[in-house]
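Trainee: here's a sequence, model it:
(one chain, ligands or ions: 1)
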Amino acid sequence: MKRALAISFVLAACASHAPGGGKVAPVPTKTPPPVVKPAPIVVALVVDQLAAWMAAERFAELPKTGGFARLLREGTYARDMRYAHAVTETSPGHAALFTGAAPYRSGIYANESIDQRSGHRQSALRDASARTISSDGTEHATGITLNGLATDTVADVLREHEPHANIVALSLKDRGSVFAGGKHPDAAIWYEVRRDAFVTSTAFSPKFPAWARFMDDAAIAGLRKEPWTLLDAAFVSSHAKQPDAQPGESEIFGFGSTFPHAFSSCRFPPIAFRASPRGDDALFALASAAIEARDTTQPMMLGLSLSSYDYIGHFYGPDSWEAWDELLRLDRSLADFFALLDRKVSADGWSVVLSGDHGGPQLPEAPDAARPWCGKGEDSDFWQRPCRHAGRIFPDALRDSLEQAADKALGHGDWILGVASPYVFYTHFAAELPPDRRKKLDEAVTKTLLGHPEIDRVYGPPTAPCPPETDESIDALACRSLWPANKDALFMVEKKGSFVDTDYDLGRGMSHGGPYLFDRSVPLVVRAPGRVGAGVVITEPISFAAYTRALSALVGVQPPRSCSEAREIVSR
Ligand SMILES: [Zn+2]
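Mentor: So this is what the prediction gives:
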């Protein structure tokens, strides 16, 4: 090799001299343009409802060629990342991941509020100052804002630091998208089930981004053309711990509780779209388009909240065939997505931080085979999954019984606005009561709630500062769930495994929202070549703010000012 090199250098030296020693001008050669490396991409992944217990039991079962296996090989996996709040719902969870602050400091304490006029539950992020924009450019009445958020997100700090950074956030729900995108994203897009379309809000951008317009009505209809079938029937049937037709599963308005699930037989296809792998397929297509459309000279933070796993869990339960098929498909889609990133920025040019916004319990009807730790004198497993019979709390029936109790205590009136997991909201009439009458109302409502077989504790607004975040008692977790300014609501903690029914399909499916580890602990996986250990597993519990800190380090900024203390996974 050395000899060949020496010869070629000699030949090159001779070439510039004409025979006889006369000098000639060198032949002009075209210098290739300098290769400009595209700026890095940081992907903030949230697999909605991916509990620590699900990851601990299922990651190792997935194929070695899948996305999760790659992340574990190339990254660091913390098995037990814990939220510091009891209100383990989507909005508080996403807000906590992207601000590093629990609800008592972020201001994001619930998914839903209740409209004072109609009494209907609605997204707590709805704000009359903004309008919804869809791909056809139509502006609709009410949009979503982050006006309720009391602190900065990682994206906000990044925007301040790098004004031209590409910041894009995607989800099947508003609350999964907006916290990742922050107040000034290039695009924050989500699927709006009532419109059956992807939308954004005037709070985030004056128009729907051109690169996302391909995901229009026809594209969404195309994704619903073929039925949802099993990707690998043998894999799913051998891993799911319940039969395909399991009591307690929803049939989602005709979509069915067994495979195959035909969209054409569903009376409300948008609901089925979200609760099938096709919802995530749309998100991956949008993510690819966002990457294609980015300014390659600027870094990118892409927030991707994969929400189908959550909806499927809600309708069919986490032990169902549907949940296993979704996980397998998600794993394959992640592998494809990481391969795309390899091609776009090379394997060294992208990093990922992945977690869940909350976990979830099993179906109350789950068979004994799905609870192998029971029957050995235990009342729950490490993740506090119970052996007791769990049950559902029906929000409208509960509101009716609370109204009766309030009328009995105060005389006939309009006192209870409604129940939205896990809160009871008062009307403005109740909010204006003098202190002695209000005390009577609180006592009557609390007594009725504690008389419900599935409710364990009830809390009013905290009267003293919350304990330090190392305190994981239910009192402390409840305290950190409550926003001090929200004085006209009571917070309920369900018994282990019980939950407020989602009201999607009354009496079927499951939900989350409590302080126990099956709801509150999630996995954290960070892949960042050269900056985190490869194949490292952390088994001890860590704070949720480890996600925020890792993401901040990867995008090259300090964590938001309200970010809690946590273990640093990424070297700065
Ligand atoms: Zn959920």
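Trainee: make it CA atoms for all contacts and neighbour counts henceforth
Mentor: Will do.
Trainee: can you give me the helices for the stretch 451-572 of the chain?
Mentor: Secondary structure of the stretch 451-572 of the chain (DSSP state H, counting those that start in this stretch): helices located at 474-479, 517-520, 545-555.
Trainee: the longest helix in the chain is where?
Mentor: Across the chain, the helix with the greatest residue count (assigned by DSSP state H) is helix 321-345.
Trainee: so in that sheet, which strands flank the helix or strand that it is followed by, and in what orientation?
Mentor: Using DSSP states H and E, the helix or strand that follows helix 321-345 towards the C-terminus is strand 350-355. Next to strand 350-355 in the sheet, as set by DSSP bridges, lie strand 41-47 (parallel), strand 521-527 (antiparallel).
Trainee: out of these, nearest to residue 449?
Mentor: strand 521-527 (26.3 Å; C-alpha to C-alpha).
Trainee: contacts for the closest one next, please.
Mentor: When contacts are defined by C-alpha atoms under 8 Å, 6 or more residues apart in numbering, strand 521-527 is touched by residues 50-53, 55, 71-72, 74-83, 351-359, 532, 534, 547, 550, 569-570.
Trainee: mark which of these are buried, thanks.
Mentor: The neighbour count (16 or more other C-alpha atoms under 10 Å) marks 50-53, 55, 71-72, 74-83, 351-359, 532, 534, 547, 550, 569-570 as buried among the contacts of strand 521-527.
Trainee: does anything pack onto the longest helix of the chain? Which helices or strands?
Mentor: Contact analysis of helix 321-345 by 3 or more C-alpha pairs under 8 Å, 6 or more residues apart in numbering; DSSP states H and E lists helix 67-74, helix 233-239, helix 277-293, helix 308-316 as its packing neighbours.
Trainee: burial count for the closest residue to residue 480 other than its chain neighbours?
Mentor: Beyond its immediate neighbours in the sequence, the residue positioned closest to residue 480 (C-alpha to C-alpha, 6 or more residues apart in numbering) is residue 104, lying 4.9 Å away. Burial of residue 104 is recorded as 22 neighbouring residues (other C-alpha atoms under 10 Å).
Trainee: heading C-terminal from the strand or helix carrying residue 417, find the next helix or strand.
Mentor: Under DSSP H and E, the secondary-structure element containing residue 417 is strand 416-420. Past strand 416-420, heading to the C-terminal end, the next element that is a helix or strand (DSSP H and E) is strand 423-426.
Trainee: quick one: average confidence on that following strand?
Mentor: Regarding strand 423-426, the rounded mean pLDDT is 94.
Trainee: buried deepest among the helices of the stretch 451-572 of the chain, which one?
Mentor: A comparison of the helices of the stretch 451-572 of the chain by mean neighbour count, using mean count of other C-alpha atoms under 10 Å, puts helix 517-520 on top with a mean of 29.
Trainee: chain center to that helix: distance?
Mentor: Shown here is helix 517-520, whose average C-alpha point lies 15 Å from the average C-alpha point of the whole chain (C-alpha atoms, centre = their mean, to the nearest Å).
Trainee: next: stretch 450-468.
Mentor: Distance of stretch 450-468 from the chain centroid (C-alpha atoms, centre = their mean) equals 26 Å.
Trainee: buried sites along it?
Mentor: Counting neighbours by 16+ other C-alpha under 10 Å, one finds that the buried residues in stretch 450-468 are 450, 454-455, 457-462, 466.
Trainee: and what of stretch 307-316?
Mentor: For stretch 307-316, burial by neighbour count (16+ other C-alpha under 10 Å) applies to 307-316.
Trainee: which residues does stretch 270-283 contact?
Mentor: So stretch 270-283 is contacted by 170-172, 193-194, 196, 215, 220, 223-224, 228, 252, 255, 263, 266, 304, 306-312, 315, 326, 329-330, 333 (C-alpha under 8 Å, 6+ apart).
Trainee: sorry, wrong one. I was asking about stretch 153-160.
Mentor: Contacts of stretch 153-160 from elsewhere in the structure, counted by C-alpha under 8 Å, 6+ apart, are 95, 98-99, 165, 167, 179-185, 301, 548, 551-552, 555-560.
Trainee: and what of stretch 549-558?
Mentor: Residues outside stretch 549-558 that contact it (C-alpha under 8 Å, 6+ apart): 42, 44, 100, 154, 157-158, 161, 299, 301, 351, 353, 526, 528, 559, 563, 566, 568-572.
Trainee: I'd like the mean pLDDT over it, please.
Mentor: Summarised as a single mean, pLDDT over stretch 549-558 is 98.
Trainee: chain center to that stretch: distance?
Mentor: When C-alpha coordinates are averaged (C-alpha atoms, centre = their mean), stretch 549-558 and its chain have centres 19 Å apart.
Trainee: and what of stretch 211-223?
Mentor: For stretch 211-223, the distance between its averaged C-alpha position and the chain's averaged C-alpha position is 22 Å (C-alpha atoms, centre = their mean).
Trainee: would you indicate which residues of it are buried?
Mentor: When neighbours are counted by 16+ other C-alpha under 10 Å, the buried residues of stretch 211-223 are found to be 212-213, 215-216, 220-221, 223.
Trainee: how about stretch 294-303?
Mentor: Of the residues in stretch 294-303, 294, 296, 299-303 count as buried by neighbour count, 16+ other C-alpha under 10 Å.
Trainee: mind putting the residues you listed into TSV with pLDDT?
Mentor: Below are these laid out as TSV (pLDDT from 0 to 100):
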residue	pLDDT
294	98
296	97
299	97
300	98
301	98
302	98
303	98
